[in-house]
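Q: model this:
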Amino acid sequence: MSTAATIQMTEQGLLVPRALLQNWGEVEIVQRSNYILIKPRQKENLQEQLVQEMKAVGLIVELQATPPPVLTPQERVALAQRLSQGRPLSEIVVEERADRV
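A: Numbers count the residues shown, from 1 in each chain. Now for the predicted structure:
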């Protein structure tokens, strides 16, 4: 939507009626080689602002995770042996799907 307005060039600079920009809040002025662009200022990081607002109202809660325990090489070997017992999962899946084919 565009609005016609009287803009004046004075010794002080370019005068734009405030009524044109009243709903914009802060404005950003971008100078190009053959024109000047006046636009509403964009929030630097809209995503971060939204996350902060959601945290403030309780929609996001940061969980305090504890890091996993550090294992010695010997503990890793023992754990690997214990978890490697049994059949591969792929074999179990193939057996369960055999009934459906």
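Q: quick one: which helix or strand includes Leu53?
A: Rather than Leu, residue 53 is Glu. helix 46-56 (DSSP states H and E).
Q: how about Val70, secondary structure?
A: Assigned by DSSP: H, G, I helix; E, B strand; the rest coil, the conformation of Val70 is coil.
Q: Distance of it relative to Arg76?
A: Separation of Val70 from Arg76 (Cβ to Cβ, to the nearest Å): 10 Å. For the C-beta atoms, the positions are set from N, CA and C on the backbone; glycine is no exception.
Q: One more: Gly86?
A: Distance from Gly86 to Arg76, by Cβ to Cβ: 19 Å.
Q: what's the offset of the helix-or-strand element of the chain with minimal mean pLDDT from the middle of its chain?
A: Sorting the helices and strands of the chain by mean pLDDT, DSSP states H and E puts helix 18-21 at the bottom, at a mean of 78. Mean-position distance between helix 18-21 and its chain equals 32 Å (Cα atoms, centre = their mean, to the nearest Å).
Q: Sheet partners, orientation included, of whichever helix or strand comes after that helix?
A: Following helix 18-21 in sequence order, the next helix or strand is strand 27-31 (DSSP H and E). The sheet places strand 27-31 alongside strand 36-40 (antiparallel), with pairing taken from DSSP bridges.
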